[in-house]
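> Have a look at this prediction, sequence included:
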Amino acid sequence: MPKPSESSLRLYDFEPQQKTFLGEVLQGLQDARKELPSKYFYDDIGSQLFEQICELDEYYPTRTELAIMQERVGEIATLLGPNCLLIEYGSGSSTKTRLLLDALHDPAGYVPIDIAKEQLLRTVAALAETYPCLEVLPVCADYTSDFALPVPSKPVRRRVVYFPGSTIGNFDREPAQHFLRQLARVCQGGGLLIGVDLKKDFNILHRAYNDSQGVTAQFNKHLLVRMNEELGADFELKHFGHYAFYNPTQGRVEMHLVSLRNQVVHLGEAEIAFKLGESVWTESSYKYTLAEFAQLAASAGFTVEQVWTDARQLFSVQYLTVG
Ligand code: AVJ
């Protein structure tokens, strides 16, 4: 059972172990249809690469979500009410969260959860400077795994899970429903503030995942870098290509790494053969219509209370409640 570390900052540490990483990638690469879990993009370097993606002209989601939040944060704070405990899944640099923290009425505390430990600790240190009166209870964890939520010292009127960035889009339908059910249990009697990317012109989607500077390609290949550095694998980056496209029948952007030749890679005890043109599926990013998402939310026990979008209907921020 992990325990809070001893420093002045109490980190609830459930960071995944190296053997979990090795086990999961080995399993994925030995499947007939090779795949790698996208959560492993987000170590410290990968999180920085993602922040760089967010700055790109072509990558609209982050900027659009932030604009929606800026415009609606007053309304959102009123809806969440006083003394809420804000629990953020995948807090990253907590940029959008600062908007919320500025607007919330006397929050009971803030629980940022992230898999990237150093970034989490940096973020928490910075938050402590800006919000000296806010109780921040960081948790380092893979939030799809089992972990315990810390309890703040102030009384909590309502628990609100914050899940921005359309990360829900990374889940296939069934796991998405399952994960939302888990969130419904966490915020029982409260709500879920969630960012959901919307279906749109395919070309906008294509550009967002195939940027002209190649940052997304570098982000994608970062999984190979991590396996080389942390697991002693021998992937040759130049022999894999970034390939991302929108699959309209499935309603998702798929990101792959395509083998550019027949090759064998060593990983742990295993030898993994790749045929020319064979792909490793590294990420899905599902896009929803408002109706589709409302249906998914309902199937997990949520009611859509409020939806905010931008003028072009590119992205949505939604408040879902659970009785
Ligand atoms: C952070 C998971 C929402 O799916 O758009 C960005 C990650 N992948 N470019 C997304 C990502 C490629 C992003 N999410």
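Arrived safely. Note that the coordinates shown come from a computational prediction; the quantities given were computed from them, not determined experimentally. Residues are numbered from 1 along each chain as shown.

> For the rest of this, base every contact and every neighbour count on C-alpha atoms.
Noted.

> Run a quick neighbour tally on R207.
Residues near R207, counting by other C-alpha atoms under 10 Å, number 16.

> List the contacts of it.
R207 is in contact with 58-59, counting by C-alpha atoms under 8 Å, 6 or more residues apart in numbering.

> What does it show for phi and psi?
phi -60, psi -40 (degrees, to the nearest 10).

> Which pLDDT value does the model give it?
With respect to pLDDT, R207 has a value of 98.

> same thing with C140?
For C140, the model assigns a pLDDT of 94.

> Quick one: distance of the helix-or-strand element of the chain with minimal mean pLDDT to the chain centre.
The weakest-scoring helix or strand in the chain, judged by mean pLDDT, DSSP states H and E, is strand 12-14 (a mean of 87). Centroid displacement of strand 12-14 relative to its chain, using C-alpha atoms, centre = their mean, to the nearest Å, is 18 Å.

> what does stretch 178-190 give?
With C-alpha atoms, centre = their mean, you get 17 Å for stretch 178-190.

> What average pLDDT does it get?
For stretch 178-190, mean pLDDT rounds to 94.

> Can you name the residues in contact with that stretch?
Here stretch 178-190 makes contact (C-alpha under 8 Å, 6+ apart) with 144, 158-161, 191-192, 297, 300-302, 321-323.

> and if we set it to 7 Å?
The contact list for stretch 178-190, computed with C-alpha atoms under 7 Å, 6 or more residues apart in numbering, reads 158-161, 300-301, 321-323.

> need these in CSV with distance to S259 and pLDDT, can you?
What follows is the contacts of stretch 178-190, written out as CSV (distance: C-alpha to C-alpha, whole Å; pLDDT from 0 to 100):
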residue, distance to S259, pLDDT
R158, 49, 96
R159, 46, 96
V160, 43, 97
V161, 39, 97
A300, 38, 97
G301, 42, 96
T321, 45, 97
V322, 45, 94
G323, 49, 80
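
> on that earlier part again, could you list every helix and strand in contact with the least confident helix or strand of the chain?
strand 139-141 (3 or more C-alpha pairs under 7 Å, 6 or more residues apart in numbering; DSSP states H and E).

> Look up how far E88 lies from whichever residue of the stretch 101-250 of the chain sits closest to the ligand.
At 4.2 Å from the ligand, T167 is the closest residue in the stretch 101-250 of the chain, using C-alpha to the nearest ligand atom. Between T167 and E88 the distance is 12 Å, computed by C-alpha to C-alpha, to the nearest Å.

> Between those two, which is the more surrounded one?
Taking other C-alpha under 10 Å, T167 and E88 do not tie; E88 has more neighbours (25 against 16).

> Isn't that one up against G109?
No: at 11.0 Å, E88 does not count as touching G109 under the criterion of C-alpha atoms under 7 Å.

> Can you get me a residue count around D211?
By the measure other C-alpha under 10 Å, the count of residues near D211 is 16.

> Excluding chain neighbours, give the residue nearest to it in space.
The shortest distance from D211 to any non-neighbouring residue, by C-alpha to C-alpha, 6 or more residues apart in numbering, is to E58 (6.2 Å).

> Okay, and the one you found sits in which element?
For E58, there is no enclosing helix or strand under DSSP states H and E.

> Quick check: pLDDT value at it.
98.

> What of N220?
The model reports N220 with a pLDDT of 98.

> Can you name every helix or strand that the host helix or strand of it contacts?
Using DSSP H and E, the element containing N220 is helix 215-231. Helix 215-231 sits against helix 44-55, with contacts defined as 3+ C-alpha pairs under 7 Å, 6+ apart.
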